[in-house]
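Engineer: what's the 3D shape of this:
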Amino acid sequence: MTELELKEILKQHADWLENNAEGCRADLRDTNLRYADLRDADLRSADLQKADLRFVDLQNANLRYADLRNADLQNADLQDADLRSADLQNADLREADLRSANLRSANLRDANLRDADLQNADLRHANFQDANLQGVVK
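Structural biologist: Predicted coordinates for the structure are as follows:
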């Protein structure tokens, strides 16, 4: 996916979030976004199932209610990201930087958080059932 195509999808998603008839929900399922710069992106309720988000910069991104099931977020920078009520079931978050991220009520069931950094993250009501928390920094 080109940077221009991604910008257009984000623009249409912003329109959708504002109930603009010209907008549509971001569908980034199975998309390779490796190394993308998505700092401060508004991806609320976006579909990112099985997306390749390795090494993506998502600092301060709004991923509230986003569908990130089975997404690959290895080494992603999610500092200060809003992941409230996001679905991260089976997501690969190995070595992800989640410092000060808001994971309140997020679904992390079966997620791989090995060696992830969760310092100062809001983990209240998050579901970590069967998640791999080996080496997590808190």
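
Engineer: which parts of the strand or helix carrying residue 8 are buried?
Structural biologist: Following DSSP states H and E, one finds residue 8 within helix 3-17. Applying a neighbour-count criterion of 16 or more other CB atoms under 10 Å, one finds 6, 9, 10, 12, 13, 14, 16, 17 buried in helix 3-17. The way it works is simple: take the backbone N, C-alpha and C, and place the C-beta from them, glycine included.

Engineer: Now do the contacts for the third one.
Structural biologist: When you say that, I think you mean residue 10. 26, 41, 42, 43 (CB atoms under 8 Å, 6 or more residues apart in numbering).

Engineer: at 7 Å what do you get?
Structural biologist: Contact partners of residue 10, counting by CB atoms under 7 Å, 6 or more residues apart in numbering, are 26, 41.

Engineer: ok, now the fifth one?
Structural biologist: With contacts taken as CB under 7 Å, 6+ apart, residue 13 has the following neighbours: 23, 25, 26, 43, 46.

Engineer: Restricted to helices, list those.
Structural biologist: Counting by DSSP state H, no part of the contacts of residue 13 is found in helices.

Engineer: Which two among these are spaced furthest apart?
Structural biologist: Of all pairs drawn from the contacts of residue 13, the widest gap by CB to CB lies between 23 and 43 and measures 13.4 Å.

Engineer: Settle it for me: which of those two has more neighbours?
Structural biologist: Set side by side, residue 23 and residue 43 show more neighbours around residue 43, with 26 against 15, by other CB atoms under 10 Å.
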